[in-house]
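Novice: got a sequence here, can you model it:
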Amino acid sequence: MEMRGTTTDKTRTTQRLEIATLGFSDLGGEHQLKHLLKDFWGGRSNEEELLQGARRVEEEGWALQAAAGIDAIGVGDFALYDWVLNWIEYLGCVPPRFLQHANANNLTAVERYFLMARGGDGGRSGGKGQHPATEDPPIVALEMHKWFDTNTLYLMPEFDERLTPHANFQPLLDSLARAKTMLGVERAVPMLLGPITFVWLGHLRPENQQQQTRFETMLAALIPLYQSLLDQIAHMDYPEVQFHEPALITEHGHTFLLPYFQSTYRILLQHAAGTGKGARQQLGQSSKRLGLRIDLVTYFDEMHEAVYRAAIALPFAALSLDFTHRGEASAGYTIFLENFGFPTDMRLGLGVLDGRSVWKPDPPMVLPDMAMLHQSVKHVRLQASCSLRYLPWSVKTETSLQKAYPLVFPLLSFAEEKLGDLKSLAEATMGEDVKVLEEWKWTRLQRDTSYDPPTSRTSRGAITARERSRNLQTNDFERSLAYNDRRQQQYCFKLGGVLPTTVVGCLPSLGKTRQGTDPGEAEERVKAEIERVVQLQERAGVDLLAHGAYNPGDMVEAIAARLEGMATTEHGWVRVYGSRCVRPPIVIGDMWRPKALTVDGYKYAQSLTSKVVKGQLPGPTTLLQWSYPAVDRPRKEQILQLALCLRDEIRDLEIAGAKVIEVEELGFREGLPLRGQKRVDYLAFMAEAFRLATSIAGPHIEIHTHVAYTEVRDCIPALLDFDADAYLFENTRAHDTARRALKNAGFPRRLGLGCFDVHSPVVPSVHDIQERLRAQIESFPPEQLLVVPDGPLRTRSWEEVDAALKNMCAAAKGLREEWEESRMLKVPSLEQSMRSASLETKARSASFDLRSEKAKPGGGGGKRGGGSVPSSPRA
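Specialist: Numbering: from 1, shown residues only. All right, here's what the predicted structure looks like:
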């Protein structure tokens, strides 16, 4: 057992387990990195100022962990935009289009880095305001995807056949050199993104033989680069490194990836064992260490048994495992240790502190397993389950939250507080410091009764919320008419014509309404925002408008602030990617809607225009997944309560006159389990929750939903089970993969495929948008299509949004005119192909509805107790 001495008073010293971190927030205590990036992209600072500021933020995190007494501090994961993008640079995997553009325009390394992240307009950089735009074709940025089941995004590596990987590790080595000076090599532990995960993130899969061959080729090319990196790290006198391989816990971990994992790490472990001596002899220097130790790190779920057995059979120095399994008690690894043992010469990284939960750990839930492992494993190091980057920096600045919820507040633990929790758990594990548990202020009884009024579990609203979610009927999940029967009553059908335009989600805000502002003043500001949004869309020529300015920041945060049972923060920023940050709400009790959430904003927006304005809401799954759930109740129960809140809001929007209501499920991917039957069950439940929220709508109400950053092909059946009337997809950065997948599946509903990238400052030209729309028309009849951006435009400037929407509407108008002209001239090649595609689509839709009719649950109308819901597909 690895121990450290800690002084608790002047006369007594207790022993505790060593404690470690697997990464920390790179945003800064005052979210400095967000401001540094915006200033650089806005032309208000130069490259050197950006890099110097970023180094200060990185070192601030190191200093905080050192002051908290962390024994092993993970270093090397700081990123200006995204950690995977760092490794694309480190391994020389920059796609040719970026290399060519960078070389032709003499871009710096930082400019090329941001070019991959944000795209370019043909000028020298993707950063607004730094260099003038040109007429050159735009440079499409790398595709974005969810980082496993988190709300963090990463930029997907592209493994072009022309790519020749090469080492470019100097930025990483510079960071490690600073960590060595500041922390020492015994305390700082370099964190490396493992080669298996890096190549897997490029979406090379075994289903395609060509892709599998490219996987093997790319992995073989990367191994020598990792060997050279190990040499250089050993030369810096570091004794140990972490290899992060979260891909091993996915559905491919125990199948496709397993033999590559075994062969790759046999090579790297053998090389690391002789790295210190061999590398230094080659450099003509004396050796201080005979080898470099490797800690294999996984998180977000448990390994499959086959992966665990393979890992303990290899000579790793340590194996770091996630024992929290998304906040639920995890028995899998305990069983693995009992059945297959654990090597006596290997250290167990015991990840029992949930790195994604804002709640303090519950000692009765974690200490028994820790005590058992304490006895059965020789070397144990206590650590967080994953990086702490998924948490806000510190709860200490949340004075308003403390004032509003004085009983709940002591139970909260953000990233900085988690460091103290680690230390307390390490001391409590030894069984010598009972005072630690007494001072923790957490027992099951207190957790069940600590909610502050009116969030108390005994309030009338909370009791009603629980009763409603536990007494649902089958018809609560069904629209009153099937899709083919209701579509003719809806807006898009009645509008006629082809390619109607609309937007998705929120638009940019002029500014924030300060907390504590006079309610009347705040209301006037919101109205001014709505007026600006409506006028902008009308000037651009948008057909179906959004009122999406009622929220000055994030839609989920705005909705949560209006619900009982959810709390919001002032400074609880968490980074999603680049400068995009959110403040996730916190579920603190049973959730219910005391009054309408968005109806007033919708009604005011609709009063300003003769065009149709759509209501806008986040979906129930997104609401929970983009928040911090309660840990004392099942997540399904929490999602059902949120679905009922949205159901009531949709009813009120219909009463207020809404004809179209958009219910975004951008966050459904975050909760999607990473393998097995759990994935199937989750997708089925997510669809049920969506239907619970939306089935209250009358048949004339057109329900839209929006999904993004997901492998559409894998989710089409579940998405159709939403029974929405129109589906909006992110598509541009994904190089039309969504379009191709939906075409191959014969997607039968109305859909909008994003026609320009909302994450890039580049304003798309009319020509570029029309080219994308023409590709869509080749796959679907134009009357089936909506013209939309890739997603919400809230991160763009007003100037960029204004220009992009005008070009989008002009592109759609031009194609509509072509279509009308072809109809008048009766051009067979165009008219007949479109009508044929339309008939095929109607036939597909009828087929889907027929299958759904056959799948209807029998009996109908019976109550489902205990919060259960129908498991059959929708009617």
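Novice: which residue packs closest to E538, ignoring adjacent ones?
Specialist: T609 (6.2 Å; C-beta to C-beta, 6 or more residues apart in numbering). The C-beta positions use only the backbone N, C-alpha and C, and glycine is treated the same way.
Novice: give me the neighbour count for that neighbour.
Specialist: By the criterion of other C-beta atoms under 10 Å, T609 has 14 neighbours.
Novice: same question for G601.
Specialist: By other C-beta under 10 Å, the residues close to G601 number 24.
Novice: what do you get for P165?
Specialist: 17.
Novice: what residue ranges in the stretch 51-200 of the chain score low on pLDDT?
Specialist: For the stretch 51-200 of the chain, the stretches with pLDDT under 70 are 122-137.
Novice: so G23: helix, strand or coil?
Specialist: Assigned by DSSP: H, G, I helix; E, B strand; the rest coil, the conformation of G23 is coil.
Novice: likewise for H271?
Specialist: Here H271 is helix, with the state taken from three-state DSSP.
Novice: relative to V185, how far out is the closest residue to it other than its chain neighbours?
Specialist: Spatially, and ignoring its direct neighbours in sequence, H271 is nearest to Q227 (4.8 Å; C-beta to C-beta, 6+ apart). Here the distance between Q227 and V185 works out to 20 Å (C-beta to C-beta, to the nearest Å).
Novice: hmm, back to that, please, which helix or strand holds the residue nearest to H271?
Specialist: Assessed by DSSP states H and E, Q227 sits inside helix 209-235.
Novice: one more: R679?
Specialist: R679 belongs to helix 677-694 when assigned by DSSP H and E.
Novice: mind listing what's buried in that helix?
Specialist: Buried residues in helix 677-694, defined by neighbour count with 16 or more other C-beta atoms under 10 Å: 679, 682-694.
Novice: Q383 pairs with what?
Specialist: Beta-bridge pairing for Q383 (DSSP bridges): A20, G351.
Novice: where does the protein have low pLDDT?
Specialist: Low-confidence segments of the chain, defined by pLDDT under 70, are located at 1-15, 122-137, 276-290, 326-331, 374, 430-458, 509-520, 548-553, 710, 826-875.
Novice: grab the most central residue of it for me.
Specialist: The residue lying closest to the centre of the chain (C-alpha atoms, centre = their mean) is N151, at 2.0 Å.
Novice: checking my notes, that residue in a strand, right?
Specialist: No. Under three-state DSSP, N151 falls outside any strand and is assigned coil.
Novice: over to the nearest residue to it once chain neighbours are set aside. Which of the three states is it?
Specialist: In this structure, N151 finds its nearest non-sequential neighbour in E670, 5.3 Å apart by C-beta to C-beta, 6+ apart. Three-state call for E670 (three-state DSSP): helix.
Novice: for E670, give its distance to Y390.
Specialist: Separation of E670 from Y390 (C-beta to C-beta) stands at 10 Å.
Novice: any shared contact partners between those two?
Specialist: Residues touching both E670 and Y390 (C-beta atoms under 8 Å, 6 or more residues apart in numbering) are T150, N151.
Novice: the helix holding Q227 packs against which elements?
Specialist: Judged by 3 or more C-beta pairs under 8 Å, 6 or more residues apart in numbering; DSSP states H and E, the packing partners of helix 209-235 are helix 170-183, strand 188-193, helix 195-200, helix 258-273, helix 275-282.
Novice: go with 6 Å
Specialist: On a contact count with 3 or more C-beta pairs under 6 Å, 6 or more residues apart in numbering; DSSP states H and E, helix 209-235 meets helix 195-200, helix 258-273, helix 275-282.
Novice: from the chain's centroid, how far away is that helix?
Specialist: Helix 209-235 sits 27 Å away from the centroid of its parent chain (C-alpha atoms, centre = their mean, to the nearest Å).
Novice: so that helix versus helix 170-183, what angle?
Specialist: Here the directions of helix 209-235 and helix 170-183 differ by 40 degrees (axes from the mean of the first three to the mean of the last three C-alpha atoms, to 10 degrees).
Novice: show me which residues of helix 209-235 are buried.
Specialist: Neighbour counts over helix 209-235 (16+ other C-beta under 10 Å) mark 214-215, 218-219, 221-223, 225-227, 229-235 as buried.
Novice: what's the most buried one of the helices and strands packed on helix 209-235?
Specialist: Stretch with highest mean neighbour count among the helices and strands packed on helix 209-235: helix 195-200 (a mean of 24; mean count of other C-beta atoms under 10 Å).
Novice: give me phi/psi at L753?
Specialist: Backbone dihedrals for L753, given as degrees, to the nearest 10, come out at phi -110, psi 120.
Novice: list the beta-bridge partners for it.
Specialist: According to DSSP bridges, beta-bridge pairing links L753 with F729.
Novice: give me the number of residues near the closest residue to A687 other than its chain neighbours?
Specialist: With C-beta to C-beta, 6+ apart as the criterion, A687 has its nearest non-adjacent residue at 3.7 Å, and that residue is D721. If you count neighbours by other C-beta under 10 Å, D721 ends up with 21.
Novice: F668 versus D721, what's the distance?
Specialist: Plainly put, D721 is 12 Å away from F668 if you go by C-beta to C-beta.
Novice: again with Y299
Specialist: As defined by C-beta to C-beta, Y299 lies at a distance of 21 Å from F668.
Novice: these two: who's more crowded?
Specialist: F668 (27 against 24).
Novice: surely the residue nearest to N151 is in contact with Q625?
Specialist: Yes. The pair E670 / Q625 is scored as a contact, 3.9 Å apart, by C-beta atoms under 6 Å.
Novice: neighbour count winner among the two?
Specialist: Ranked by neighbour count (other C-beta under 10 Å), E670 and Q625 place Q625 first, with 26 against 19.
Novice: contacting residues for that one?
Specialist: Taking C-beta atoms under 6 Å, 6 or more residues apart in numbering, we find Q625 in contact with G667, E670, G671.
Novice: please redo it, this time with the cut-off set to 8 Å
Specialist: Counting by C-beta under 8 Å, 6+ apart, Q625 touches N151, G667, F668, E670, G671.
Novice: ranges for the helices of the stretch 501-650 of the chain?
Specialist: For the stretch 501-650 of the chain, the helices defined by DSSP state H, counting those that start in this stretch occupy 519-540, 555-561, 599-607, 620-625, 635-655.
Novice: repeat that for the stretch 751-875 of the chain.
Specialist: 766-779, 798-825, 828-854.
Novice: now do the first one: which elements does it pack against?
Specialist: Judged by 3+ C-beta pairs under 8 Å, 6+ apart, the packing partners of helix 766-779 are helix 737-744, strand 785-786, helix 798-825.
Novice: tell me which of these lies nearest to V534.
Specialist: helix 798-825 (12.4 Å; C-beta to C-beta).
Novice: returning to what we had before: nearest to L204, of the helices and strands packed on helix 766-779?
Specialist: helix 737-744 (13.9 Å).
Novice: now the closest one - C-alpha only, CSV.
Specialist: Taking C-alpha atoms only, helix 737-744 is exported to CSV below (Å, rounded to 0.1, in the frame of the first residue of the first chain):
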residue,chain,number,x,y,z
THR,A,737,-22.3,11.6,-43.8
ALA,A,738,-25.7,12.4,-42.3
ARG,A,739,-27.2,12.9,-45.8
ARG,A,740,-25.8,9.6,-47.1
ALA,A,741,-26.9,7.7,-44.0
LEU,A,742,-30.4,9.1,-44.1
LYS,A,743,-30.6,8.4,-47.8
ASN,A,744,-29.5,4.8,-47.5
